[in-house]
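>>> Quick one: sequence and predicted model below, then my questions.
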Amino acid sequence: NSYFRTIQLLFGIIMKLCCKNKKNVDPVVIIPLCITNVVLKDSPDGKMKTFSKSTSGEKGDAVILKNVIDMGDCYEAEVVEHKDATSVLSKVLADSGREEALFYLHGWHVSCSVAIDTVVKMNGWNDNEEDSPKRLLVLPIIWAATWDNLSYGDDRNTSAPEAAMDFSGLSTLMSTGLQNSSVKKSIIAHSMGNYVLRIFAQNHTGDQPVFENIFMVAPDVRWDLFNEDYISRGEIETQQNTVTTTISSKYSRNEEDISTTSDVDNLLEGKAIGGLKIAALAKNKVHVLYTVDDKALLFRQSWHRFGGAETSALGRCAGFAMDKVHSSLKDKVVFHDCGYIQPCLGLKHVYYNTAPAMVYYESPEPNGIKTKARLFFPGSNK
């Protein structure tokens, strides 16, 4: 009995020491800056803001946060005033020793914690290799998602458009300061994040490029987004029609008219000039990273055929788009076959956060390889 009592006593002492040491350790900033539209709450002391590690059912105003700290059950951060956005971003880059911010706009079914952990991973690639490029600092853009159904219903019809509108408003407020500053920034959009990017572009009111480069990775948008026929017909149609969709938000009692609809197969889906608007956001190039082996996009395409939306996704069928790019975009939109990045197994959809992908973002040299996928559905412009 005395033996077990001694063990219990020692165990109790060790636990107390661990708890004491834990309390004395200052929280570590894991992300220096992020942009989000998830709900924020006041911290217990009222000095900071907290937000959940998930994004399900949560949506607030789009804000910039700095010094994001992992508090265990939630994140804690400081809100950045719009007028301070440029100076804060400049300081973040200077402190990190990097030259350019690379914003990461996640796709479907990604929580706050997964987005943040992904960014930490991407910034940590090749940390032990002195010769590895370290020009970019990856920073997350986290949008509130619902994940309510496998057909993307709420996220594609409501959450993604709302997020894009929120970020458009934020971008408009910050655009003058950012565009007139020396701060360089590019953006990665993954999967459905490209749908958010597209609606953001369609509603952006600035007349100057926002990003150095745009990387559309495994883009879950229609394959002909940048194509001559689709854009040309869209330009004619949008001159003849004013298209709005009433979005009834699950987060608000108000209804809002925005210039997009769900991603169904019709010409006026979010305006067919979305490709032109995305290209206008980039100072240099729009990089389409794709692979014909993307099983997730194949599944989405096959699933949506039953609902009448047969148009293939650009992230799998870019090989059919390369020769049909709109004349004004031929030197702006480039393509990179990422088959060499793919593992032997898996869905081959999440490759944007790998070391080879980071090498490409650091020094983008598109291979221009044209590979055509099987089970291609061009859709209709009617």
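Sure thing, it's come through.

>>> Tell me where the stretch 251-382 of the chain has strands.
With DSSP state E, counting those that start in this stretch applied, the stretch 251-382 of the chain shows strands at 255-258, 286-290, 333-337, listed in chain order.

>>> Likewise for the stretch 51-200 of the chain?
Here the stretch 51-200 of the chain has its strands, by DSSP E, counting those that start in this stretch, at 63-70, 75-80, 100-105, 136-142, 184-190.

>>> so can I have a markdown table of those showing mean neighbour count and mean pLDDT?
No exception for glycine: its C-beta is placed from N, CA and C like everyone else's. A markdown table is the format used below for the strands of the stretch 51-200 of the chain (neighbours: other Cβ atoms under 10 Å; pLDDT from 0 to 100):
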| stretch | mean neighbour count | mean pLDDT |
| --- | --- | --- |
| strand 63-70 | 20 | 94 |
| strand 75-80 | 20 | 95 |
| strand 100-105 | 23 | 94 |
| strand 136-142 | 24 | 94 |
| strand 184-190 | 24 | 94 |
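
>>> Which of those sits closest to Tyr340?
Between Tyr340 and the strands of the stretch 51-200 of the chain, the tightest spacing by Cβ to Cβ is seen for strand 184-190, at 18.2 Å.

>>> now the angle between strand 286-290 and that closest one, please.
Orientation of strand 184-190 against strand 286-290 (axes from the mean of the first three to the mean of the last three Cα atoms, to 10 degrees) gives an angle of 30 degrees.

>>> Strand 184-190 - contacts with which helices or strands?
Counting contacts by 3 or more Cβ pairs under 8 Å, 6 or more residues apart in numbering; DSSP states H and E, strand 184-190 packs against strand 100-105, strand 136-142, helix 193-203, strand 214-217.

>>> Need the winner for burial among the strands of the stretch 251-382 of the chain.
Greatest average neighbour count among the strands of the stretch 251-382 of the chain goes to strand 286-290 (a mean of 25), per mean count of other Cβ atoms under 10 Å.

>>> State the distance from Lys330 to Asn213.
Per Cβ to Cβ, to the nearest Å, Lys330 is found 17 Å from Asn213.

>>> Please say which of those two ends up with more neighbours.
Per other Cβ atoms under 10 Å, whichever of Lys330 and Asn213 has more neighbours is Asn213, with 20 against 11.

>>> Now do the contacts for the nearest residue to the more buried one once chain neighbours are set aside.
Once flanking residues are discounted, Asn213 sits nearest to Ser186: 4.3 Å by Cβ to Cβ, 6 or more residues apart in numbering. Residues in contact with Ser186 (Cβ atoms under 8 Å, 6 or more residues apart in numbering) are Glu100, Ala101, Leu102, Phe103, Leu136, Phe211, Glu212, Asn213, Ile214, Phe215, Tyr361.
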